[in-house]
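**Q** pasting the structure only:
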């Protein structure tokens, strides 16, 4: 077994100390140190995530204020509106908080605006509708942190607003009753990288514990399934999978595998989806695209309706409709991405890629910017057109701050917001030349004193006889895999493999490999024919070995597509 990454002298020494302290294998210790986990206590916490290690929600700034205002609304029978965002994190957050507040006998409705038609965040037309319907409290989830004027307007017509969000705030916060966001500069909360659903969970937990005088353990005993919502939002928003996010995803996946919810049953009934085992790969390949397809119509969102469904037949019909919609969206998204990629210059030394596309629907801009970012390893901004406005979706590699870039151009934006690595904006069409010029200049300035080169994925050269139950156990201890916790890559040379019903079989050591759909398509050999190949594979969270790349021994015909393109 040979590690193909360059480890520093410090990392080598730290891994030896960690291996001795915890009595774990040298490989597992090196994988932990490569993740910057060098202390035994932190390593134990990472390898054995526990729900009791979640932080107290009342450590968040303004949580007390938010809970008190919700307590008043519930005791007075006030009408409450949960206001979300039209992505998986926002939809999951909305369903989570609506579910939690309805359990407390709250009179709760939700609105999720249509991103393509309404834009993102609080909108005046929905605030006016809330007023007309007698709603006196709006709680935002996964949005609202930059909506200063909208919050002020709501307060002016006697609607209180509580903001819960996880996006980066502007220099000024909205004048809401409470602003619950761990990314506030004055927030002492120990973990800053929760998803929107993670923040919504903290609020739901705090309200239930305070109003019902519950301990955290008692809250979990009655609302454990709510962890599924947090898991979906956490995976969907691709926040880093360590600290609390790792705990949420681990236990959310466990709850999903046990769930008898109507929506889980309905999605599982669709035999075109491969949902077992319920790993992050299955979630990303199936659940996330399905829920992403839920387009909002006048604030009502079919994906949110599915998550909140009480009727099994309704859930089955909604899941079937979402599947068809998701396939149509994926077709349009891939087509737009390929067209953009073909139109790019062969050589581009610019620090940032800015693409202006008049023909692409705005609902696929984020897909295109994400795929281009992965392919070119540089910040990408894709700008589309919606009626008389510009819509920009940006993605960047770790280390580049898109929000800092946008702040240097904010006078040309109507709205903007997001994270360091994922952000968006809207603007007037006449501002396009100035936006392109200013963003290019801002990127050059940010790059001058900063490198964003990402550290490569951990790679190991291995022999067949080294693929043991102990190795698989070591790797699965690192699961769930995902953002900033990638599964290591294994390379094995000159392996005899044949394709059988059970998978790709290596008879020398009686090992079964699975394969991505594209790998199976590229395997141009007769069924049962033994072929010697060089393979690259991963070990997923369930312990299965998946071939992600192969060449025939001494030849070079392989599938070099990104793992993200493959459906397991």
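**A** Perfect, thanks for sending it. Predicted model, so just to flag it, every value in this text is computed and none were measured.
**Q** Quick check: buried residues in stretch 437-449?
**A** Residues of stretch 437-449 classed as buried by neighbour count (16 or more other CB atoms under 10 Å): 438, 439, 440, 442, 443, 446. Using the backbone N, CA and C atoms, a C-beta is placed for each residue, glycine as well.
**Q** Please apply the same query to stretch 181-194.
**A** Applying 16+ other CB under 10 Å to stretch 181-194 flags 181, 182, 183, 184, 187, 189, 193, 194 as buried.
**Q** for stretch 109-122, same thing?
**A** Residues of stretch 109-122 classed as buried under the neighbour-count rule (16+ other CB under 10 Å) are 109-116, 118-122.
**Q** Export these as JSON lines, with columns for secondary structure.
**A** Formatted as JSON lines, these follow (DSSP: H, G, I helix; E, B strand; the rest coil):
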{"residue": "109", "secondary structure": "strand"}
{"residue": "110", "secondary structure": "strand"}
{"residue": "111", "secondary structure": "strand"}
{"residue": "112", "secondary structure": "coil"}
{"residue": "113", "secondary structure": "coil"}
{"residue": "114", "secondary structure": "coil"}
{"residue": "115", "secondary structure": "helix"}
{"residue": "116", "secondary structure": "helix"}
{"residue": "118", "secondary structure": "helix"}
{"residue": "119", "secondary structure": "coil"}
{"residue": "120", "secondary structure": "coil"}
{"residue": "121", "secondary structure": "coil"}
{"residue": "122", "secondary structure": "coil"}
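**Q** Closest to residue 339 out of those?
**A** Checking these against residue 339 with CB to CB, the nearest one is residue 116 at 19.2 Å.
**Q** how close does the closest one get to residue 322?
**A** Residue 116 sits 17 Å away from residue 322, going by CB to CB, to the nearest Å.
**Q** now the protein, which segments are flagged as low pLDDT?
**A** Applying pLDDT under 70 to the chain picks out residues 271-279, 346-348, 449-454, 555-568.
**Q** contacting residues for residue 2?
**A** Counting by CB atoms under 8 Å, 6 or more residues apart in numbering, residue 2 touches 460, 461, 462.
**Q** Wait, the last one touches residue 27, no?
**A** No - between residue 462 and residue 27 there is no contact, the gap being 9.7 Å when judged by CB atoms under 8 Å.
**Q** so the closest residue to residue 515 other than its chain neighbours is in which element?
**A** Of all residues not flanking residue 515 in the chain, residue 547 sits nearest, at 4.5 Å (CB to CB, 6 or more residues apart in numbering). Secondary structure from DSSP states H and E places residue 547 in strand 545-552.
**Q** sorry, back to before: so can I have a markdown table of the buried residues of stretch 109-122 showing distance to residue 515?
**A** Compiled in a markdown table, these are given as follows (distance: CB to CB, whole Å):
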| residue | distance to residue 515 |
| --- | --- |
| 109 | 46 |
| 110 | 41 |
| 111 | 44 |
| 112 | 38 |
| 113 | 41 |
| 114 | 39 |
| 115 | 36 |
| 116 | 37 |
| 118 | 42 |
| 119 | 42 |
| 120 | 39 |
| 121 | 43 |
| 122 | 46 |
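**Q** hang on, isn't residue 84 packed against residue 98?
**A** No - between residue 84 and residue 98 there is no contact under CB under 8 Å: 9.0 Å.
**Q** so what sits against both of the two?
**A** 110, 304.
**Q** ok, the two, which is more surrounded?
**A** With neighbours defined as other CB atoms under 10 Å, residue 84 and residue 98 compare such that residue 84 has more, 31 against 25.
**Q** so who does that one touch?
**A** Listed by CB under 8 Å, 6+ apart, the contact set of residue 84 reads 90-91, 93-94, 110-112, 140-143, 301, 304.
**Q** can you pick the most crowded of these?
**A** Top of these by neighbour count (other CB under 10 Å): residue 93, with 37 neighbours.
**Q** So that residue lies in a strand, does it not?
**A** No - according to three-state DSSP, residue 93 belongs to no strand; its state is helix.
**Q** what about the helices in the stretch 151-300 of the chain?
**A** Using DSSP state H, counting those that start in this stretch, the helices of the stretch 151-300 of the chain run over 196-212, 216-223, 226-236, 244-258, 262-269, 280-282, 288-292.
**Q** Out of these, which is closest to residue 340?
**A** Closest to residue 340 of the helices of the stretch 151-300 of the chain is helix 288-292 (CB to CB; 19.6 Å).
**Q** which helices and strands sit right next to that closest one?
**A** Packed against helix 288-292 by the contact rule (3 or more CB pairs under 8 Å, 6 or more residues apart in numbering; DSSP states H and E) you find helix 88-103, helix 226-236, helix 302-307, helix 312-342.
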